[in-house]
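Enquirer: Below are the sequence and a predicted model; questions follow.
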Amino acid sequence: MYPTQQHLEKYAALAVKVGVNVQQGQTVVVMAPITAAPLVRLIASKAYEAGAKNVHVEYNDEELSLIKYKQAPDEAFSEYPMFRAKAWEDFVEQGAAFITIYSPNPDLLNDVDPNRVAAASKAASTALSGYRSSLMNHTNAWSLLSYATPGWAAKVFPDSSPEDAVQKLWERIIDATRIGLEDPIVAWKEHNAKLLQMVEVLNNKRYKQLQYEAPGTSLTVELPEGHIWLGGSKANAKGIFFNPNMPTEEVFTMPNKDGVNGTVRSTKPLNYNGQVINGFSLTFKDGKVIEHSAEQGYEALTHLLNTDDGARHLGEIALVPHDSPISNANVTFFNTLYDENASCHLALGQAYPVNLKGGTKMSPEELLAHGANRSLTHEDFMIGSPDMNIDGVTQDGKREPIFRNGNWAI
């Protein structure tokens, strides 16, 4: 049965050595569902072996969250415990590394008032804005990974028994993270090198615009002057390389927040704060969403778009070939970490300052002036398909194929 102890040992070592690359004397912060305790304990052990000074673990319990959403008074959702936000900012100042195990139950909040979910999300985003800004600036090393849980597995494999569903999900996780290989760490170094090759190609192209065409999608995206493509491992403020997402198959950059025009249609469901949004379309004019529709989760999508002014603008564009390991698994994961690495995607909300030359040293006002979006939210949604074509427009106006039929054309 998966995962074996050996798989978990390799997964923990991968998180510590490649995910956040723990340094001597460093504090490590781990956030995880209580069901992931077996992996968390191994991560703690591997972190101490790597020289960590302290490993702080913060568990969460979705069932407790559900109880609160159903029974707490409305005013509870406009508050966030500021002592926790302060603690996270203190960890940032200490140079801590952050590991998050993300394993959501997509159907958890189906019967919860979306207004409560939206209020809680906004309160948390506001309180944690300083912490989140540090991570999006790559000030600290951070890594996001997943652990198969019964609730998540049941959504992905609804026709399987609970035990078989978890087993099947673990098989996909093992393949996607390469922990089934003899030496996952070496495999990840090779994978990062391949992603960085494509990053170099795109950065040398210096496209000024991307044009997307697919069923339901006809979108033009302008790229700001000085934009930077990234992918695979990144360097934090101290020059320590880390992998923010495990798995990862994307290369990404920022759009000009006011330079997006046309319509785009989603190709995979989006699990947003425990609510599924599916079959949705967004129409942009001068960078802003002016119309939206959804076959499922319209109210949740509306709340997302109304988070703040920046939530109606894009902060990220990412390219992922359809012929990639996670896409070829032919599974909808209802988990953005996995689904975004099976599909080209966009993100509503905050841009990464690291995607702009000199961006990490700019003030918020300077970033806005250079076309970088600002928002309390950053929500990826999937738009890729085997029918997706993408062209790049060069500085001299030449149009070149980047994607044809969902895959790289360069």
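Expert: Great, that's in hand. No experiment lies behind these values; they were computed from the predicted model shown.
Enquirer: Going along the chain, name the helices of the stretch 151-300 of the chain.
Expert: Here the stretch 151-300 of the chain has its helices, by DSSP state H, counting those that start in this stretch, at 162-177, 184-205, 298-305.
Enquirer: among these, which is nearest Asp111?
Expert: Checking the helices of the stretch 151-300 of the chain against Asp111 by CB to CB gives helix 298-305 as the closest, at 13.0 Å. Just so you know, the C-beta spots here come from the backbone N, C-alpha and C atoms, and that holds for glycine as well.
Enquirer: in that closest one, what counts as buried?
Expert: Buried residues in helix 298-305, counting neighbours by 16 or more other CB atoms under 10 Å, are found at Ala300, Leu301, His303, Leu304, Leu305.
Enquirer: Could you do stretch 41-57 as well?
Expert: So for stretch 41-57, counting by 16+ other CB under 10 Å, buried means Leu42, Ile43, Ala44, Ser45, Lys46, Ala47, Ala50, Ala52, Val55.
Enquirer: tell me the two of those residues that are most distant?
Expert: Farthest pair in the buried residues of stretch 41-57, by CB to CB: Leu42 and Ala52, 13.3 Å.
Enquirer: is it possible to export the helices of the stretch 151-300 of the chain to JSON lines including mean pLDDT?
Expert: Formatted as JSON lines, those follow (pLDDT from 0 to 100):
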{"stretch": "helix 162-177", "mean pLDDT": "96"}
{"stretch": "helix 184-205", "mean pLDDT": "97"}
{"stretch": "helix 298-305", "mean pLDDT": "96"}
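Enquirer: would you turn these into TSV with distance to Ala148?
Expert: As requested, the helices of the stretch 151-300 of the chain are exported to TSV (distance: least, CB to CB, whole Å):
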stretch	distance to Ala148
helix 162-177	4
helix 184-205	17
helix 298-305	25
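Enquirer: now for those helices, which one comes closest to Gly358?
Expert: It's helix 184-205; of the helices of the stretch 151-300 of the chain, that one is closest to Gly358 (CB to CB) at 14.7 Å.
Enquirer: hey, C-alpha coordinates of the closest one in PDB?
Expert: Taking Å, rounded to 0.1, in the frame of the first residue of the first chain, the C-alpha atoms of helix 184-205 are listed here in PDB:
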ATOM      1  CA  PRO A 184      14.300  12.200  -6.100                       C
ATOM      2  CA  ILE A 185      16.700  14.900  -5.200                       C
ATOM      3  CA  VAL A 186      18.900  14.300  -8.300                       C
ATOM      4  CA  ALA A 187      15.800  14.000 -10.400                       C
ATOM      5  CA  TRP A 188      14.500  17.400  -9.200                       C
ATOM      6  CA  LYS A 189      17.900  19.000 -10.000                       C
ATOM      7  CA  GLU A 190      17.600  17.700 -13.600                       C
ATOM      8  CA  HIS A 191      14.000  18.800 -13.800                       C
ATOM      9  CA  ASN A 192      14.800  22.300 -12.500                       C
ATOM     10  CA  ALA A 193      17.600  22.600 -15.100                       C
ATOM     11  CA  LYS A 194      15.100  21.800 -18.000                       C
ATOM     12  CA  LEU A 195      12.600  24.500 -16.700                       C
ATOM     13  CA  LEU A 196      15.400  27.000 -16.500                       C
ATOM     14  CA  GLN A 197      16.400  26.400 -20.100                       C
ATOM     15  CA  MET A 198      12.900  27.400 -21.200                       C
ATOM     16  CA  VAL A 199      13.000  30.400 -18.800                       C
ATOM     17  CA  GLU A 200      16.200  31.500 -20.600                       C
ATOM     18  CA  VAL A 201      14.600  31.200 -24.000                       C
ATOM     19  CA  LEU A 202      11.600  33.300 -23.100                       C
ATOM     20  CA  ASN A 203      13.600  36.000 -21.300                       C
ATOM     21  CA  ASN A 204      15.800  36.300 -24.400                       C
ATOM     22  CA  LYS A 205      12.700  36.800 -26.600                       C
END
